[in-house]
Each structure stands twice: as C-alpha cells, then as structure tokens.
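Peer 1: Output the structure for:
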Amino acid sequence: MTNAQKWMSAFLVLFLVLFILSRFTMKEEVVHHAMNEGYSEQTAQQNPTELDGFTLIKQNGCITCHGQNLEGTNMAPAIAGMKEFWSRDKLINYLRNPSSYSGDKRFQEYKLKYKNIVMPSYGNLDVKDLGKMVDYLLTK
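Peer 2: Residues are numbered from 1 along each chain as shown. Just a heads-up that it's a prediction; the model follows:
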C-alpha cells in the first residue's frame, strides 16, 4: 500500500466516524418560512387536524398577499365577503387549482389590477384543511 492510499484510507475512516457521530448528535430543527407569518412552534406541535381555519390560512401564507385581516393589499384582493361569489365546493376547487378559473370575468379584472401576481395552488393540502379554511372565509 502506498502512502497516498494510506492517507486516503485514513481520510475515509475519519469521514465515516464524523458522519456517524453527526447522525447521533443531530437535533431536529423546526424550519420557519418567511411566508408563514404567525406560525409558531406551538402551532407546529399541534395536530394539523385540530387547527382552525384562520390558523391554517396564516400557516399557508395567505396573509402575506391578502393582508393581516384578509382585507386586501396592493398584491391581492380582499377575501372577505366571498359568500357572495362562492359556494363551499367551488371555493375548495378554486384553491386546489386557481388557474382553471382564469377565464372568469372577475379574474380577468384581477389580472389587470394585480399584474405579475399569481395565486398559488393549494392542491397539496388535505381537503379537510381546505374545508376549514373555506368555512372560515365564507363566514368572514
């Protein structure tokens, strides 16, 4: 065995030992995203099925664009008074796939007013959580 091979072997053994030690000493970290304002460790420890609609709205970043009280900002319209335009099922479907509603006249106006802003899809959320969010929005 040459000196270079000995050094490489020693380096690999040291790397493996440090890797194994890091796995044993690793702490679980809670990641906070800038868009999830109002999301705390206490919220993270709760069971997601126990969260109320407004907490889920804050957790998913809706207040970032629609405002703290959901009354609209220069980035997105107010989402109060939605009962006038939406049924529960239609609003859930909209949140799961907003782009499918892009042909609606109201949304054409929103595109002109809120340029370069796109409503994100929430199709990855549990339908029960979307239902809680929608129930909250329809009572606001």
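Peer 1: Dump the helix or strand encompassing Q5 to PDB, restricted to CA.
Peer 2: Per DSSP states H and E, Q5 falls inside helix 3-25. Provided in PDB are the C-alpha atoms of helix 3-25 (Å, rounded to 0.1, in the frame of the first residue of the first chain):
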ATOM      1  CA  ASN A   3       1.500   6.500   1.200                       C
ATOM      2  CA  ALA A   4      -1.300   8.100  -0.900                       C
ATOM      3  CA  GLN A   5      -3.500   5.100  -0.400                       C
ATOM      4  CA  LYS A   6      -2.900   5.100   3.400                       C
ATOM      5  CA  TRP A   7      -3.800   8.800   3.600                       C
ATOM      6  CA  MET A   8      -7.000   8.200   1.600                       C
ATOM      7  CA  SER A   9      -8.000   5.300   3.700                       C
ATOM      8  CA  ALA A  10      -7.400   7.300   6.900                       C
ATOM      9  CA  PHE A  11      -9.400  10.200   5.500                       C
ATOM     10  CA  LEU A  12     -12.300   7.900   4.600                       C
ATOM     11  CA  VAL A  13     -12.300   6.300   8.000                       C
ATOM     12  CA  LEU A  14     -12.300   9.700   9.700                       C
ATOM     13  CA  PHE A  15     -15.100  10.900   7.400                       C
ATOM     14  CA  LEU A  16     -17.200   7.900   8.300                       C
ATOM     15  CA  VAL A  17     -16.600   8.300  12.000                       C
ATOM     16  CA  LEU A  18     -17.600  12.000  11.800                       C
ATOM     17  CA  PHE A  19     -20.700  11.200   9.700                       C
ATOM     18  CA  ILE A  20     -21.900   8.600  12.200                       C
ATOM     19  CA  LEU A  21     -21.300  11.000  15.100                       C
ATOM     20  CA  SER A  22     -23.200  13.700  13.400                       C
ATOM     21  CA  ARG A  23     -26.200  11.500  13.000                       C
ATOM     22  CA  PHE A  24     -26.300  10.600  16.700                       C
ATOM     23  CA  THR A  25     -25.900  14.200  17.800                       C
END
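Peer 1: Determine the next helix or strand in the C-terminal direction from the helix or strand of the chain with the lowest mean pLDDT.
Peer 2: Least confident helix or strand, the chain: helix 41-45 with a mean of 45, by mean pLDDT, DSSP states H and E. Sequence-wise, the next helix or strand downstream of helix 41-45 (DSSP H and E) is helix 53-59.
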